[in-house]
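Student: here's my sequence, what's the structure:
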Amino acid sequence: MRPLRVLVAALLCLLPAACGQAERFPDGSTMARIRDRGVLVVGIKFDQPMFGYKDPAGGRITGFDAEMARLVAKDLTGSERNIRFVETVSRQRENFLSQRVVDLVIATYSITPARAERVAFSDPYYYAGQDLLVRAGDTSIGELADLDGKIVCTVAGSTSVERLRERVPGADVEIVDAYSECVPALINGRVDALSTDDTILLGLLAQHPDALRLVGKPFGREPYGIGVNRQDTAFRDYLNGLITRWLRDGEWESAFSDTIGITGATPDQSKPSNR
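Tutor: So this is what the prediction gives:
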């Protein structure tokens, strides 16, 4: 079989950006398996504008997480188009990785000690702060403490749930599967606020600028990581190398400016330091 692999590697060198790729990943590694398959399978959210959002018209997945995933696909397969996105809501992320439904999860995935017992996380590729989205005309909520006695919507499996219950025990936390369920509930008055990471809220706000407003007083800091199977430390280390390169060579800032940056947000607080 070795001569056949050498022949395949030689043929790959005839393809753009593929020369050398067949030799640089160890046999049996996840990287080699994805390279040989020719497609990276990514768990991502479909309902979070600016991070992971499926265009209802054309079906394209857009956002910062999607652009990060495409950079991984380009490095592994030679093209950012060699990618398949699988919708992965918060409560599914750990199971999708342990069952190898996807190769990796990049879905506004906050790194926590509890999750790290089930998932191997890359180094942080993004930092967010939790904030509140409320109705534009509601002046009764100006800070976190004002949620006392209010109904606040967030999603199952997110760190937002724990922080809300700890910081505002008097709030009635309504937990759903997706943020897309919170938005209509907020607009029609069934809930009083939506709470999650500020950059997710900016994306939702961009869809309803006249109906909603961002409180703009973030609390807590969320490091986002790329999740892989708990045992796959080699794949995790490979992704850490990519993140370092993206930060150094400008790919990170380019992805930011094309997605989150269109809201007017700046990368100052969100960008990890280059290791």
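Student: drop to CA atoms for contacts and neighbour counts, all remaining ones
Tutor: Will do.
Student: mind checking pLDDT for residue 189?
Tutor: Per-residue pLDDT puts residue 189 at 97.
Student: before we move on, what about residue 158?
Tutor: Here, the pLDDT recorded for residue 158 equals 80.
Student: how many neighbours does it have?
Tutor: For residue 158, the neighbour count with other CA atoms under 10 Å is 19.
Student: so who does it touch?
Tutor: Taking CA atoms under 8 Å, 6 or more residues apart in numbering, we find residue 158 in contact with 90, 91.
Student: helix or strand for residue 133, which one?
Tutor: strand 126-135 (DSSP states H and E).
Student: mind listing the strands that strand pairs with, and their directions?
Tutor: strand 193-197 (antiparallel), strand 212-214 (antiparallel), strand 219-224 (antiparallel) (DSSP bridges).
Student: now the shortest one: average pLDDT?
Tutor: For strand 212-214, the mean per-residue pLDDT is 96.
Student: contacts for it?
Tutor: 131, 132, 133, 134, 135, 136, 137, 187, 201, 202, 205.
Student: swap the cut-off to 7 Å and go again
Tutor: 132, 133, 134, 135, 136, 205 (CA atoms under 7 Å, 6 or more residues apart in numbering).
Student: so what's the first one bridging to?
Tutor: Residue 132 forms beta bridges with residue 195, as assigned by DSSP bridges.
Student: circling back to that earlier point, got JSON lines for the strands paired with strand 126-135, with distance to residue 30 and mean neighbour count too?
Tutor: Formatted as JSON lines, these follow (distance: least, CA to CA, whole Å; neighbours: other CA atoms under 10 Å):
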{"stretch": "strand 193-197", "distance to residue 30": "31", "mean neighbour count": "25"}
{"stretch": "strand 212-214", "distance to residue 30": "41", "mean neighbour count": "21"}
{"stretch": "strand 219-224", "distance to residue 30": "22", "mean neighbour count": "18"}
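Student: so which of those strands comes closest to residue 37?
Tutor: Among the strands paired with strand 126-135, the nearest to residue 37 by CA to CA is strand 219-224 (27.4 Å).
Student: and that closest one, average pLDDT?
Tutor: Strand 219-224 shows a mean pLDDT of 89.
Student: take that strand, keep the C-alpha atoms, and write them as CSV.
Tutor: Output of strand 219-224 as CSV, limited to C-alpha atoms (Å, rounded to 0.1, in the frame of the first residue of the first chain):
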residue,chain,number,x,y,z
PHE,A,219,-21.2,41.1,32.8
GLY,A,220,-18.9,38.1,32.8
ARG,A,221,-16.3,37.1,30.2
GLU,A,222,-16.7,34.2,27.9
PRO,A,223,-13.7,32.5,26.1
TYR,A,224,-14.9,30.7,23.0
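Student: identify the farthest-apart pair in the contacts of strand 212-214.
Tutor: For the contacts of strand 212-214, and using CA to CA, no pair is farther apart than 132 and 136, which are 11.9 Å apart.
Student: which of those two has more neighbours?
Tutor: More crowded of residue 132 and residue 136, by other CA under 10 Å: residue 132, with 26 against 15.
Student: any low-confidence regions in the stretch 151-275 of the chain?
Tutor: 274-275 (pLDDT under 70).
Student: sorry, wrong one. I was asking about the stretch 1-150 of the chain.
Tutor: Scanning the stretch 1-150 of the chain for pLDDT under 70 picks out 1-23.
Student: sweet, I'm off.
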